[in-house]
Structure formats: C-alpha cells, structure tokens
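*Asks:* Sequence plus predicted model, see below.
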Amino acid sequence: MISYLANPKRFEAFARIAIPVCGGLALLLIAAGLWFGLLDSPPDRYQGDTIRIMYVHVPAAWLGLGLYLAMAVASFVYFIWRHNLADVAATALAPVGAVFAAICLVTGAIWGKPTWTVWWVWDARLTSMLIQFLLFLGYIALRAAIEDERLAARSAAILAMVGLVNLPIVRFSVEWWDGLLHQGATVFRADGPAIHGSQLLPLMIMVFGFTFLAGWMVLYRMRSAIMSRKAGNLQRIREAKA
C-alpha cells in the first residue's frame, strides 16, 4: 500500500477521496466522544468532573507521540532513498504534531491545576513532553532557516531521527523515575485496562476521532504541498522558455 501511494499521481487520487472521508469521520467521532465523555460517563471517584479533560488530553498526547514517530519514519525514508513524497509527508506531519503536542501540554496544565494545585511542575513526563513539542518546533524552524531545499530536507531529517530518542523517555518516564504526579499505564496493560468501560469507550472514540482529524490535516497539507511544487515547476519551465 505504501509503495503504491509513493507515486504522486496515485497519492493525489487517494487523497482526493481520503480527505473528505477522514474529515467526516473525525467530525462524527469527536462529536460522539464529547457527548459520551461530557454527558454520559460518570465523574471520577477522586477527581470528580475534572477527569473529563482526559478525553482530550490523552488522545492529544498519543497523537503527539505517534505523529512524531511517523515524521521520523518519513524522514528516514527520504534520507535513505531520497523519495520526495516522504519529505512532503514529514513536512506536513511536523506542524500537525506540534498542534497535538501543544494541546497535550495545555490540557495537562489545566488538569494539573485542580489536581496538583499548580499549573506546571518539572515532572519527568511533563518535561519530556515539552521537549517533544520543542522537537517539532525545531524541525519546522530548521526547514525555514535553510534556503537550499535539499539541504534543509536532509538536515531536518537528521534532527527528526535523532529526536526519536525522546519517545521512549516520554512513554516510560513514569516507570523509570517513579513519577508521583502521573500514574502508570491504564489502557495498554498486560492484565487489561485499569479504567472502567464507561470511561474507556468515550476515550477510545476520541482517540479514533483525533486520529482521523490528524489524517485529514496531514493529507490536506500534503496534497497542497504537491500542488504548490507542481505550480512552482511549471513557473520555472515557463521562465526558462521565455
């Protein structure tokens, strides 16, 4: 499937269908997730209604990590095989990932205020997630700072691959540093989820909704970038003939 979509014409045909599908599914799932999460699920025994921010915070956190992994993989493909579509994908993924990482940090701070009585603490999970957000911004800034397009793509690809080292730190920071603020894994556990089904259902609906939303944004940005590059190439051809 990936090799099939590597052809720009095939990708454009796929994106023409996938973009509205992803957008529609994102709208439906997020609306359903918010309804179940805000109105139908019960309050937490200890945190009360504050727990409801989980339905935005957790999916945003997962997407912040998942999109960085996708960006790094696309960067690796470009760095090794010089495939332009992989570079387009990495470039499109960076700002979308930064948005979800920012949502994670902001909602985490809002959640932390009533829970910890402060907006921010230098907890291992919080700090490593902040670094993840800065890595997205660093990738975007590096691409913008270098005028040579190929050099910018290669330099940003190296940064994206190096930044992979932070992903396991974010994921396992609570276990490695015995975090007192963040709890350990509650969904993906060997002995099953440690979360009630009435909360797990809206959480997973929101996860899929956010995933389709991210797919919609990434595909839209990729398609726009491809069209922009085509327009730029046609302009250069016209100027060369003039």
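*Replies:* Noted; the coordinates are in hand.

*Asks:* how about low-confidence regions in the protein?
*Replies:* Within the chain, the segments meeting pLDDT under 70 span 1-3, 178-194.

*Asks:* Show me what the longest helix along it is packed up against.
*Replies:* In the chain, assigned by DSSP state H, the helix with the most residues is helix 197-241. For helix 197-241, the packing partners by 3 or more C-beta pairs under 8 Å, 6 or more residues apart in numbering; DSSP states H and E come out as helix 8-35, helix 54-81, helix 84-116. (Each C-beta comes from the backbone N, C-alpha and C, glycine too.)

*Asks:* Flag every buried residue along the last one.
*Replies:* Which is helix 84-116. 85-101, 103-105, 107-109, 111-112 (16 or more other C-beta atoms under 10 Å).

*Asks:* how many degrees apart are it and helix 54-81 in direction?
*Replies:* 150 degrees (axes from the mean of the first three to the mean of the last three C-alpha atoms, to 10 degrees).

*Asks:* Are there helices or strands packed against helix 84-116, and which ones?
*Replies:* helix 8-35, helix 54-81, helix 124-145, helix 149-162, helix 197-241.

*Asks:* Out of these, the one nearest S41 is which?
*Replies:* Within the helices and strands packed on helix 84-116, the stretch nearest S41 is helix 197-241; the backing value is 5.0 Å (C-beta to C-beta).

*Asks:* quick one: the closest one to chain centroid distance?
*Replies:* Put simply, helix 197-241 sits 12 Å off its chain's centre (C-alpha atoms, centre = their mean, to the nearest Å).

*Asks:* can you give me the angle it makes with helix 149-162?
*Replies:* Going by the same axes, to 10 degrees, helix 197-241 makes 160 degrees with helix 149-162.

*Asks:* now the angle from helix 197-241 to helix 8-35?
*Replies:* Using the same axes, to 10 degrees, helix 197-241 lies at 150 degrees relative to helix 8-35.

*Asks:* how close does A242 sit to Q235?
*Replies:* 11 Å (C-beta to C-beta, to the nearest Å).

*Asks:* what about those two, which has more around it?
*Replies:* A count of neighbours by other C-beta atoms under 10 Å puts Q235 above the other of A242 and Q235, at 10 against 5.

*Asks:* Which one, of the helices and strands packed on helix 197-241, ends up nearest to G215?
*Replies:* Nearest to G215, of those and by C-beta to C-beta, is helix 8-35 at 4.4 Å.

*Asks:* Please name the residues that touch the closest residue to A145 other than its chain neighbours.
*Replies:* Excluding the flanking residues, the one nearest A145 by C-beta to C-beta, 6 or more residues apart in numbering is A152, at 7.7 Å. The contact partners of A152, by C-beta atoms under 8 Å, 6 or more residues apart in numbering, come to 142-143, 145-146.

*Asks:* what does L159 give?
*Replies:* Contacts of L159 by C-beta under 8 Å, 6+ apart are 135, 138-139, 142.

*Asks:* Tell me the most packed of those residues, by neighbour count.
*Replies:* Y139 (27 neighbours).

*Asks:* how close does that one get to E12?
*Replies:* Distance from Y139 to E12, by C-beta to C-beta: 25 Å.

*Asks:* got a list of contacts for stretch 41-56?
*Replies:* Contacts for stretch 41-56 (C-beta under 8 Å, 6+ apart): 33-34, 37-38, 103, 107, 110-111, 114-115, 196, 198-199, 201-203, 206.
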